[in-house]
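> I'll drop the sequence and a predicted model, then ask my questions.
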Amino acid sequence: MHIATLLTNPARPTLDRTTVEALRNAWGGGDARWLHPGVAAEFALGSVPENLWKVWEGLQSLGIDLAVQVAEGRKKRLLIADMDSTMIQQECIDELADEAGVGPHVAGITARAMNGELDFEAALRERVGLLRGLPDTVIGRVLRDRITLMSGGPVLVATMKAHGGHAALVSGGFTAFTTVIAARLGFDEDRANRLEVSDGVLTGRVAEPILGKQAKLDALEQIAARLGITPQAAIAVGDGANDLAMLGRAGAGVALHAKPSVQAQCDIRVNHGDLTALLYLQGYAQNDFAT
């Protein structure tokens, strides 16, 4: 059995009963279950509809996300998440670059790297090199003044942990940020790259080896093995090309507001919902959420 989930932005709850029932009837689905009125609903299906992606595209124009998954094992025991543009709304390296006066240039490199147009590790070294000489005190200021959490993140982490889940933040960014964000959101652990600092300034180098695409996949497999589960029991979320291996290996890989090349390779794409979408996709209703 499969489950079709429809959801939209909780800040603009526009999912109506007519839309849900029309699709349920067209696909011969089971009774609709409302997870959050106006925001998320689901119904059972016997198989994946042949016109899934055509319907998905039509719903996108209405601000509605759609995913079809195998029903069994939907509730996951491990959340493994990217940080930049996923758990937070910014790219930390772009914010540091703005402080260094090279913001637009670095942001352009970041966008291309996240879309898979550039080698991630080479692009990271190039961008970090442009930060050379920046006082390390800037990191604290950026965290305080520039970094904002992605909507739904605290509820996502709290709810999964309240139901016995484990949460890991795995970033191609920097430990100076992940340690703070992980603590703020309640993650159990975090992994990221380390910026080299000497005499209170950034050296323009990142410690080797760089945590990139393969390292994120390795983290998923290592953490799952340590917990005594398989990657199938994990839900992963990210937006960039360096997340693809992790997203593809997890039982549920969610491309959240992702780059076009990333979306094209993922079966679960959330473009309108926030991070609570990951809870609805697992079958949690709003009244199951932890605060």
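Okay, I see it.

> drop to CA atoms for contacts and neighbour counts, all remaining ones
Noted.

> In this protein, which helix is the longest?
As assigned by DSSP state H, the longest helix anywhere in the chain is helix 213-227.

> Report the distance from stretch 189-196 to the chain centre.
A distance of 18 Å separates the centroid of the chain from that of stretch 189-196, by CA atoms, centre = their mean, to the nearest Å.

> Show residues contacting it.
167-176, 178-179, 182, 202-207, 210-211 (CA atoms under 8 Å, 6 or more residues apart in numbering).

> Could you export that stretch as PDB, CA atoms only?
Taking C-alpha atoms only, stretch 189-196 is exported to PDB below (Å, rounded to 0.1, in the frame of the first residue of the first chain):
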ATOM      1  CA  GLU A 189      25.000  15.400  17.300                       C
ATOM      2  CA  ASP A 190      26.500  17.400  14.400                       C
ATOM      3  CA  ARG A 191      29.300  17.000  11.800                       C
ATOM      4  CA  ALA A 192      30.800  19.700   9.600                       C
ATOM      5  CA  ASN A 193      34.000  21.200   8.300                       C
ATOM      6  CA  ARG A 194      36.400  23.200  10.500                       C
ATOM      7  CA  LEU A 195      37.700  26.600   9.600                       C
ATOM      8  CA  GLU A 196      41.400  27.100  10.400                       C
END
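
> Let me see the contact set for residue 177.
Applying CA under 8 Å, 6+ apart, the residues contacting residue 177 are 92, 139, 143.

> would it count as being in a helix?
Yes - according to DSSP: H, G, I helix; E, B strand; the rest coil, residue 177 belongs to a helix.

> what about the closest residue in space to residue 87 that isn't next to it in sequence, how many neighbours?
Of all residues beyond its chain neighbours, the one nearest residue 87 is residue 150 (5.2 Å), with distances taken as CA to CA, 6 or more residues apart in numbering. Using other CA atoms under 10 Å, residue 150 has 17 neighbouring residues.

> Could you pull up the residues touching residue 150?
Contacts of residue 150 (CA under 8 Å, 6+ apart): 85, 86, 87, 88, 89, 274, 275.

> mind running it again at 6 Å?
Listed by CA atoms under 6 Å, 6 or more residues apart in numbering, the contact set of residue 150 reads 87, 88, 89.
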